[in-house]
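>>> A structural model of the following input is requested.
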Amino acid sequence: MKFLVRRLDQALLLWEDTNYMTNRLGTLERYLVAMGQKVDGEPVSFTGAVTSWNNFRGDLLRGVDLNEAHDKYCSGPLISPLHSFPVSLNEWSRNSRRVFHLTEELLTLLSLTSLDGVRWSEVHWPFESFLVTLDQPLVDDNGTSFDAILLYRLHTTEGSSVGFQLYSSNLEAYRPLTFDDRERINKFLARGVNGPLKKASGKITGWFKANKEIPISLYIVLPLGVEDCLVTDSYRALYDKLGYAYTGVREDGSANPVIDAAIRIVVGLCLYLATIRSEGGEQQSSWEGIPREESKKDPRAVTREAKVCWVSSKYRLSREESDVIESFRGRAHVSMCAHWRRGHWRRSPGQGNNPDAPKHVWVRPALVRKDRLKPGELPGGSIALVSQ
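Residues are numbered from 1 along each chain as shown. Down below sits the predicted model:
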């Protein structure tokens, strides 16, 4: 079984090391300037997490509110993709510590189910914050795999919104700084301008060079007022529609399709959970703690108290249906003599014309005109690609 909740611990270790090394870099810069040397770029700002990163685990235990976490740890300059990580982790730890793990079969069915016509106001969140982990990761254009999605809700006097943070499997390869690593750097800098600053510089710049360009996280907060918008709108379109300025996760300001895919997976999961609650006989495991052998790997892990729920599909794909899905994985919806029809969400019988009725009935994807296939044959012939 996969316990991908460890992505949060891995991200925390990287966040701590990034802020520690940035602090040490700022100290080194001050010494070099005192010696009359020129420092390239903007000097390190000793604000936010750069100075207070070592207090974060204690604040997690205290359960500080969102505003306090933001002011203490996110008020400084953006120094890594994990800049907003303290807020999202704090909200998860404070509100639920719950993890939904989606099986590959359920993930496939949800990806083949249209969300057309579903509005954000129809999505009912099981918790104010929760983590979704995936049997089958999302892969971006550069081949980076994202297998964990953290969601948390924001409430302000102006309205509510939702934040999403994706975590990459690249975190698995990160090796955190040891106590001896930090002690060595601290000793290099302890003597000030009379110390071995060249050695300190080599250690610090080498660490940043090795870790700075590794894609490990994507983050987006939806704008306020999305309740009446469609969940199929890209997050970039939501900002434009609601009149908010947005610079974009990508350099050209365009939406990242991996983030949009992650948002729709989480929305589909919420709709599915509402469906199985209304139908009875939930197709999910009970909440399970992290096994002792997993938690022993890191005694300081903040996820040791997490509860994991495995969510699967009530509908079991036949081997033939699985083969058909696999043959068209990654393509747009297809139309042919024997074809796979996308699923969708609809309102309960008798509520079709009621705009306030939630769409909690799942019409699952189905193989249409299966009778036209010979035994063992997959749909073939001319395929017409239809835009989604």
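
>>> burial count for Lys198?
9 (other Cβ atoms under 10 Å). The C-beta positions use only the backbone N, C-alpha and C, and glycine is treated the same way.

>>> Would you tell me what helix or strand it is located in?
Per DSSP states H and E: Lys198 is located in helix 197-211.

>>> what about the residue positioned nearest the centre of the chain, helix or strand, and which?
With distances taken as Cα atoms, centre = their mean, the chain has Leu166 as the residue nearest its mean C-alpha position (2.2 Å). According to DSSP H and E, Leu166 maps onto strand 159-168.

>>> again with Leu89
Counting by DSSP H and E, Leu89 is part of helix 85-95.

>>> So which residues make contact with the helix or strand following that helix?
Once the chain leaves helix 85-95, the next helix or strand it forms, by DSSP H and E, is strand 98-102. With contacts defined as Cβ atoms under 8 Å, 6 or more residues apart in numbering, strand 98-102 is touched by 2, 4-5, 110, 126-127, 130-135, 265, 269, 284, 287, 306-311.

>>> out of the residues you listed, which are inside helices?
Judged by DSSP state H, the subset of those located in helices is Leu110, Ile265, Leu269.

>>> ok so, going back, contacts only, for the residue nearest to the centre of the chain.
By Cβ under 8 Å, 6+ apart, the contact list for Leu166 reads Leu138, Phe146, Ala148, Ile149, Leu150, Ser217, Leu218, Tyr219, Val258, Ile259, Ala262.

>>> Give me the pLDDT value at the closest residue to Asp17 other than its chain neighbours.
Of all residues not flanking Asp17 in the chain, Leu177 sits nearest, at 4.9 Å (Cβ to Cβ, 6 or more residues apart in numbering). As predicted, Leu177 sits at a pLDDT of 95.

>>> sorry, back to before: any idea how far the strand holding Leu166 is from the chain center?
7 Å (Cα atoms, centre = their mean, to the nearest Å).

>>> Same question for that strand: list its buried residues.
Buried residues in strand 159-168, counted by 16 or more other Cβ atoms under 10 Å: Ser161, Val162, Gly163, Phe164, Gln165, Leu166, Tyr167, Ser168.

>>> So what are the sheet partners of that strand and their directions?
Taking DSSP bridges as the criterion, strand 159-168 forms sheet pairs with strand 145-156 (antiparallel), strand 217-221 (antiparallel).

>>> taking the mean pLDDT, what do you get for the shortest one?
Per-region confidence: strand 217-221 scores 90 on mean pLDDT.

>>> what sits up against the helix or strand that that strand is followed by?
Later in the chain than strand 217-221, the nearest helix or strand by DSSP H and E is helix 235-241. If you take Cβ under 8 Å, 6+ apart as the criterion, helix 235-241 is touched by 220, 222-223, 226, 229, 233, 245-246, 248, 253-255, 259-260, 263.
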